[in-house]
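Colleague: Structure, please.
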Amino acid sequence: MNAVSNFEFSRPQTSVLTTAADRTLHMAGQRGGKTALMGPLAYSFVSYLPKSVGLIAANTYAQLSNSTLKEIFKVWAMVGVYEYTRSNTSGIFVINKQPPPHFKKHEYLFVDNYNKIYFKNGAVIMTASLDNYNAMEGIELAWAMLDETADTKEDALRTVITARLSQRGIFFNEDINKLFPYSDTGVKPCNPLYVFSKPGRVEWINTYFGINDYKDEIIAKIFSKTDYFEKKIGNRHVVIHSTYHNEKNLPDNYIENRKKDLTKDEVERLVYGSPFAKSGVEYYLSFSDTNIGTDDYTDNYPIHLSFDFNVNPYMT
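Modeller: This is a model prediction of the structure:
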């Protein structure tokens, strides 16, 4: 899209940006450039599809404000996209307030202006915290982006967010992998969902995007500083890579310091982006004679009974 032509992207970021899949997973190590990509991607939809309503969501309002939107606004500022204020009348968006009169009137009726970003061309982006995801019932969205989804409840994505992706107006041509703001020969409706996340302590993301079937292929690629995993799995597009792909935007010693701070399993997960690294919630599927056996007890002595529910933290 022309709206992001001024940005410089890594190869994994380009893979995410140019996909036209219905569901896209961008998984990477910490500081791997995930949230930063949300800025140009969202601005593409605003510029190219201004009549569509989008969603940018995080797990809490603190995360949304202090991390997600902060990073998005920083990236927008890099290409001259600023908030409109009385002291900056060249700005092209406002947040949580009534748009100024010279902004093109959007086509929607909202009760209030909170948690909304309005643009000069009439585009609207809604913002939300997923700690109260049921509050989103009833809204209609054309596209959505979720930040750090490893910390999100599965029900929020499966039963609420995906159900809200019902606004018409986005189409894509599979043959040339291109989005269109209108229906034409050879295109089909598309309501894209983008999931940005570090590998988490939950299995449902792996299952939802079908990546467990590609474990060997993923492991073979992500531990390289230059290679990464990319695959179209049904209507889902998966991109997984290490923090090294964003190394040019980090302090020279950042990654090496992180590797010294973390355990081996944490390095695999939080630096190399492995969705299969041990996270502390693993359990034994079976026991052998080396783990269990018979024992005797003495009559007239109390018996202490305990249960292991294979949960973390442990339950006594």
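
Colleague: For the longest helix seen in the chain, buried residues please.
Modeller: What stands out as the longest helix in the chain, according to DSSP state H, is helix 34-48. Within helix 34-48, the residues that count as buried by 16 or more other CB atoms under 10 Å are 34-48. (C-beta placed from N, C-alpha, C; glycine too.)

Colleague: Parallel or antiparallel, list what pairs with the very next helix or strand once past that helix.
Modeller: Heading C-terminal from helix 34-48, the first helix or strand you meet, by DSSP states H and E, is strand 53-58. Here strand 53-58 has these sheet partners by DSSP bridges: strand 124-129 (parallel), strand 143-147 (parallel).

Colleague: Just give me the residue right at the centre of the protein.
Modeller: For the chain, residue 196 is the residue whose C-alpha lies nearest the centre (CA atoms, centre = their mean; 1.8 Å).

Colleague: quick one on the thing from earlier: with respect to residue 140, which of the buried residues of helix 34-48 is nearest?
Modeller: Nearest to residue 140 among the buried residues of helix 34-48 is residue 45, at 15.0 Å by CB to CB.

Colleague: what residues are up against the closest one?
Modeller: Residues counted as contacts of residue 45 (CB atoms under 8 Å, 6 or more residues apart in numbering) are 52, 54, 123, 142-143.

Colleague: Save these as JSON lines, and put in distance to residue 241, pLDDT and neighbour count too.
Modeller: Below are those laid out as JSON lines (distance: CB to CB, whole Å; pLDDT from 0 to 100; neighbours: other CB atoms under 10 Å):
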{"residue": "52", "distance to residue 241": "28", "pLDDT": "86", "neighbour count": "20"}
{"residue": "54", "distance to residue 241": "25", "pLDDT": "94", "neighbour count": "22"}
{"residue": "123", "distance to residue 241": "30", "pLDDT": "93", "neighbour count": "25"}
{"residue": "142", "distance to residue 241": "27", "pLDDT": "90", "neighbour count": "22"}
{"residue": "143", "distance to residue 241": "23", "pLDDT": "93", "neighbour count": "25"}
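
Colleague: Of all pairs in those, which one is the farthest apart?
Modeller: Greatest spacing in these, by CB to CB: 123 and 143 (11.3 Å).

Colleague: shared neighbours of the two, which are they?
Modeller: Contacts common to residue 123 and residue 143, judged by CB under 8 Å, 6+ apart, are 45, 52, 54.

Colleague: ok, these vs residue 190, which is closest?
Modeller: Here the nearest of the shared contacts of residue 123 and residue 143 to residue 190, counting by CB to CB, is residue 52; it sits at 10.6 Å.

Colleague: Thought residue 167 was touching the closest one, still the case?
Modeller: Yes - using CB atoms under 8 Å, residue 52 is in contact with residue 167, at 6.3 Å.

Colleague: overlap in contacts of those two?
Modeller: Shared contacts of residue 52 and residue 167 (CB under 8 Å, 6+ apart): residue 142.

Colleague: Highest mean neighbour count out of the strands paired with strand 53-58?
Modeller: Counting by mean count of other CB atoms under 10 Å, strand 143-147 has the highest mean neighbour count of the strands paired with strand 53-58, with a mean of 25.

Colleague: can you give me the strands for the stretch 151-300 of the chain?
Modeller: For the stretch 151-300 of the chain, the strands defined by DSSP state E, counting those that start in this stretch occupy 171-173, 178-180, 188-189, 193-197, 229-233, 236-241.

Colleague: relative orientation of the helix or strand residue 26 falls within and strand 193-197 in degrees?
Modeller: Element membership of residue 26 [criterion: DSSP H and E] is strand 23-28. Calculated by axes from the mean of the first three to the mean of the last three CA atoms, to 10 degrees, strand 23-28 forms an angle of 20 degrees with strand 193-197.
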